[in-house]
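*Asks:* Structure of the sequence below:
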Amino acid sequence: MDHSEGGSSDAPIGLLARNRLPHLAVLFGLLARRRTIMMLHAYQAPQVLADDLRRLRLAAVVGDAEDWVDERLAAAAAEVGTLALAVEGAAPVRPVPAAARPGEGPHHPLQPGVAIHMLTSGTTGTPKRVPIGYAMLEAAVADAGLATLQAGTAFTAAPFIQLYPLGNISGLYGLITCVSNGQRVVLIEKFSVAEWVRAVETYRPTTFVSLPPAAIRMVMDAGVPREALASIPAMRCGSAPLDAALQVAFEERYDIPILVNYGATEFCGVIAGWTIDDHRAFAAAKRGSVGRARPGTQLRVVDPMTGDPLPSGETGLLEVLSDRLGGGWVRTTDLGVIDADGFLFLKGRADSIIIRGGFKVAPEAVAAVLREHPQVRDASVIGMPDARLGEVPVAAVEPVIAEERPDEAALAAFARERMAPQMVPVRFAILETLPRTQSMKVDRARVKALLEAGV
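*Replies:* Predicted coordinates:
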């Protein structure tokens with residue numbers, strides 16, 4: 001965009017991001033001009049997006065033609081003087097008639113040096129925007145290239161299979177990395193086992209590929225034959241906790257090592273992970289770990305109350321010191337343990353801890369036990385208000401086979417045999433599928449809404 005199109009020469013530009021070629025062209029065109037991009041989740045409800053446009057007051061927003069079909073979005077853009085632009089196929093970008101000219105503003109202020117205002121996944125509540133600078137983005141891409149080599153692979157002519165959404169840090173991180181290394185891209189807008197396997201069989205990737213835990217489970221459940229994935233030397237996995245039993249089962253069936261990693265939008269990607277050498281040496285002994293700190297990054301856990309660093313083996317709040325960020329230690333909301341060899345084990349989120357009558361209950365620890373039940377594919381545990389105890393755990397369970405719903409009394413008995421009494425959920429809601437974000441994480445905010453509605 002330039003002045004002739006009605007926008008400030010340096011104003012942030014909104015992008016309703018989708019895994020489609022025109023959106024990639026817009027993304028890289030803006031980055032090449034050192035413009036600031038404001039990411040918007042295209043898959044949010046239209047009213048939510050309309051309210052977002054009113055709050056942001058951007059000079060311009062680019063979206064797919066279908067995004068502007070709902071009149072509320074163009075009306076919101078026109079109301080605050082935002083130029084609405086539509087992309088569709090190979091056609092040129094065109095103004096949306098209802099918001100075809102930018103207003104006088106004031107528009108969203110520029111933050112010098114920021115490449116992208118990236119949205120967090122919003123799995124626990126309303127997504128937040130995190131400013132990612134050009135320098136941080138470049139450092140993250142360089143580290144991703146190193147991680148590829150440390151996986152025992154290298155960039156090749158085979159394309160990168162992009163299935164994480166562009167509006168998510170995993171999607172952006174993977175996409176910019178492969179394009180920076182001259183690798184072609186296969187775009188998958190919404191993951192399905194059939195489409196992903198078709199891409200793998202067609203292009204035979206020989207660098208490591210990436211799947212989130214939910215997709216790994218779907219591949220296993222679909223019984224994908226071993227020979228279909230034979231070209232893959234290693235699998236990267238992140239974005240959500242990977243069940244250790246699932247990892248073992250996948251590696252045994254396909255003879256593909258899974259290199260788990262851990263990152264966050266705030267860090268512009270991965271800050272801890274497994275290398276192929278670590279996997280060969282420690283796969284069995286350190287099962288369940290998300291790996292060790294990446295080069296240029298230090299990790300520690302601290303006492304939540306005092307902030308004092310804790311020794312290896314003790315659980316505390318995870319803090320990160322990274323060259324990528326500059327400054328000092330950054331505290332996360334993740335609970336973790338770092339062992340004597342530097343391997344990080346995540347223990348859930350501090351902001352989701354349930355206080356049941358004075359006892360602390362970690363929802364992910366309860367969910368992990370429920371996943372051991374033979375009829376349970378996945379589970380999510382939420383704290384719900386209780387007049388007597390303050391909060392109590394309630395579980396939402398996704399069965400392995402929808403028609404074979406596990407008995408709630410049996411689930412309670414299963415839980416009581418394996419965990420402390422205060423950890424046992426007071427109720428089990430059996431859902432056909434757990435709600436998920438576009439990056440396939442369990443959407444805890446939507447789970448909570450369903451449980452509050454009495455599902």
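*Asks:* so where's the stretch 251-400 of the chain shaky on pLDDT?
*Replies:* Under the criterion pLDDT under 70, no range of the stretch 251-400 of the chain is flagged.
*Asks:* Strands of that one, start to end?
*Replies:* For the stretch 251-400 of the chain, applying DSSP state E, counting those that start in this stretch gives strands covering 258-264, 269-273, 292-293, 297-302, 316-322, 330-338, 344-349, 354-356, 359-361, 376-386, 390-399.
*Asks:* Return the most buried member of those strands.
*Replies:* strand 269-273 (a mean of 26; mean count of other Cβ atoms under 10 Å). For glycine as for every other residue, the C-beta is placed from the backbone atoms N, C-alpha and C.
*Asks:* quick revisit: make CSV out of the strands of the stretch 251-400 of the chain and add distance to V48.
*Replies:* Output for these, formatted as CSV (distance: least, Cβ to Cβ, whole Å):
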stretch, distance to V48
strand 258-264, 23
strand 269-273, 26
strand 292-293, 36
strand 297-302, 34
strand 316-322, 30
strand 330-338, 23
strand 344-349, 23
strand 354-356, 28
strand 359-361, 31
strand 376-386, 21
strand 390-399, 23
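*Asks:* was I right about P304 contacting E314?
*Replies:* No. Between P304 and E314 there is no contact under Cβ atoms under 8 Å: 11.5 Å.
*Asks:* what's the closest of the strands of the stretch 251-400 of the chain to V96?
*Replies:* The closest of the strands of the stretch 251-400 of the chain to V96 is strand 269-273. By Cβ to Cβ, the value is 33.2 Å.
*Asks:* Quick check: neighbours of that closest one in the sheet, parallel or antiparallel?
*Replies:* strand 258-264 (antiparallel), strand 292-293 (antiparallel) (DSSP bridges).
*Asks:* quick one, that strand and strand 344-349 angle?
*Replies:* Relative orientation of strand 269-273 versus strand 344-349 (axes from the mean of the first three to the mean of the last three Cα atoms, to 10 degrees): 120 degrees.
*Asks:* got a list of contacts for strand 269-273?
*Replies:* Strand 269-273 is contacted by residues 140, 143-144, 147, 169, 173, 236, 238, 259-264, 290-294, 297, 299, 320, 322, 344 when judged by Cβ atoms under 8 Å, 6 or more residues apart in numbering.
*Asks:* now do stretch 324-336
*Replies:* With contact meaning Cβ under 8 Å, 6+ apart, stretch 324-336 is reached by 136, 139-140, 143, 264, 266-268, 296-297, 299-302, 315-322, 344-351, 353, 362.
*Asks:* ok, then the element right after the strand or helix carrying E201?
*Replies:* Secondary structure from DSSP states H and E places E201 in helix 193-203. Of the helices and strands lying after helix 193-203 in sequence (DSSP H and E), the nearest is strand 209-210.
*Asks:* Export the strands paired with strand 269-273 to CSV and append columns for distance to K441.
*Replies:* Formatted as CSV, those follow (distance: least, Cβ to Cβ, whole Å):
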stretch, distance to K441
strand 258-264, 12
strand 292-293, 23
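*Asks:* follow-up on the earlier one: looking at the strands of the stretch 251-400 of the chain, spot the one closest to K448.
*Replies:* That would be strand 376-386 among these, by Cβ to Cβ, at 4.8 Å.
*Asks:* Which strands or helices does that closest one pack on?
*Replies:* helix 213-222, strand 354-356, helix 363-370, strand 390-399, helix 444-452 (3 or more Cβ pairs under 8 Å, 6 or more residues apart in numbering; DSSP states H and E).
*Asks:* Format the ones you listed as TSV; extra columns: distance to A74.
*Replies:* What follows is those, written out as TSV (distance: least, Cβ to Cβ, whole Å):
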stretch	distance to A74
helix 213-222	34
strand 354-356	43
helix 363-370	40
strand 390-399	37
helix 444-452	27
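*Asks:* Doesn't T148 lie inside a strand?
*Replies:* No. T148 is assigned helix when assessed by DSSP: H, G, I helix; E, B strand; the rest coil, not a strand.
*Asks:* Excluding sequence neighbours, find me the nearest residue to K347.
*Replies:* Sequence neighbours aside, L335 is the residue nearest to K347 in space, at 4.2 Å (criterion: Cβ to Cβ, 6 or more residues apart in numbering).
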